[in-house]
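Visitor: From the sequence below, what's the structure:
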Amino acid sequence: MYYLIPLTIIGVGIAYWFVSGYEAAGTILLLVFGAAMAVMGWVLLPTLNDVGHTAPIDPDFEDPGR
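Guide: Numbering: from 1, shown residues only. This next block holds a predicted model:
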């Protein structure tokens, strides 16, 4: 489901190529942004539910601000 966003951006980049009269700079920026989002999702989404360890609670801690 996440990959729908980068694929849409890449699709807009391809459509932009034809609609803008083969303008390269905007097309490249859209395609690179879509590819970067896809790579980010590919790298980060598998670790979405990895919480990791939390710090232990010290029962003797006293907040000096209280």
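Visitor: In terms of pLDDT, where does residue 27 sit?
Guide: Looking at residue 27, its pLDDT stands at 95.
Visitor: That one is in what secondary structure piece?
Guide: Per DSSP states H and E, residue 27 falls inside helix 24-44.
Visitor: before we move on, which element is residue 11 in?
Guide: Residue 11 belongs to helix 4-19 when elements are defined using DSSP H and E.
Visitor: Can you show me the CA trace of that helix as PDB?
Guide: Written as PDB, here are the backbone C-alpha positions of helix 4-19 (Å, rounded to 0.1, in the frame of the first residue of the first chain):
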ATOM      1  CA  LEU A   4       1.200   3.500  -4.200                       C
ATOM      2  CA  ILE A   5       2.600   7.000  -3.300                       C
ATOM      3  CA  PRO A   6       6.000   6.600  -5.000                       C
ATOM      4  CA  LEU A   7       4.500   4.900  -8.000                       C
ATOM      5  CA  THR A   8       2.000   7.800  -8.400                       C
ATOM      6  CA  ILE A   9       4.800  10.300  -8.200                       C
ATOM      7  CA  ILE A  10       6.800   8.300 -10.900                       C
ATOM      8  CA  GLY A  11       3.600   8.200 -13.000                       C
ATOM      9  CA  VAL A  12       3.200  12.000 -12.700                       C
ATOM     10  CA  GLY A  13       6.800  12.300 -13.700                       C
ATOM     11  CA  ILE A  14       6.200  10.300 -16.800                       C
ATOM     12  CA  ALA A  15       3.100  12.200 -17.700                       C
ATOM     13  CA  TYR A  16       4.900  15.500 -17.000                       C
ATOM     14  CA  TRP A  17       7.600  14.500 -19.500                       C
ATOM     15  CA  PHE A  18       5.000  14.300 -22.300                       C
ATOM     16  CA  VAL A  19       2.700  17.200 -21.200                       C
END
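Visitor: Since that was my last question, I'll sign off now.
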